[in-house]
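Engineer: Next come a sequence and a model predicted from it.
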Amino acid sequence: MLLQRHAALPMAEPEPSLCALPLTLQPFTDTPDARGRGAQMFKVGGTPSWARDDEYYRCACGADLVYVCQVLEAMEFAIHPGQPEQPYRLRAETYWLFLGNEVYLLACPAHCDPAAVWSVNQN
């Protein structure tokens, strides 16, 4: 995502370690709490639930990057049997992506370039 320069094509083979699952998005109302934080969950859109202080970035084109989505720190992903053990995991049949870091994606609202996306890690 951060290094692409041209339209990317889907992988010919599925990812060998993680089990693919369908992604179903459902509408919800993300009501910020007293600190201005949104719901703490995997979500696309809404208000970020920053683990630490809010972070702000500007695109090379000059536009302020906007929040797109987040993946929580303890989000587990099922693995195929026989995969190597991951240190600090919750369960043997899952991996943690980002190893305890919450990940937020910010993107350029001007759509100046397909690669105008920035990932933010917080723990």
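Structural biologist: That came through, no problem.

Engineer: Against the centre of this structure, work out the most remote residue.
Structural biologist: residue 82 (26.2 Å; Cα atoms, centre = their mean).

Engineer: how close does that residue sit to residue 44?
Structural biologist: Residue 82 sits 32 Å away from residue 44, going by Cβ to Cβ, to the nearest Å. Where C-beta positions appear, they are placed from N, C-alpha and C, glycine not excepted.

Engineer: Next: residue 62.
Structural biologist: 25 Å.

Engineer: where exactly do the strands run in the protein?
Structural biologist: For the chain, the strands defined by DSSP state E cover 43-44, 66-71, 76-78, 94-96, 102-107, 117-122.

Engineer: mind putting those strands in a markdown table, mean neighbour count and mean pLDDT included?
Structural biologist: Converted to a markdown table, the strands of the chain look like this (neighbours: other Cβ atoms under 10 Å; pLDDT from 0 to 100):
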| stretch | mean neighbour count | mean pLDDT |
| --- | --- | --- |
| strand 43-44 | 16 | 94 |
| strand 66-71 | 18 | 95 |
| strand 76-78 | 14 | 87 |
| strand 94-96 | 18 | 87 |
| strand 102-107 | 19 | 95 |
| strand 117-122 | 16 | 93 |
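
Engineer: That concludes my questions; thank you for your assistance.
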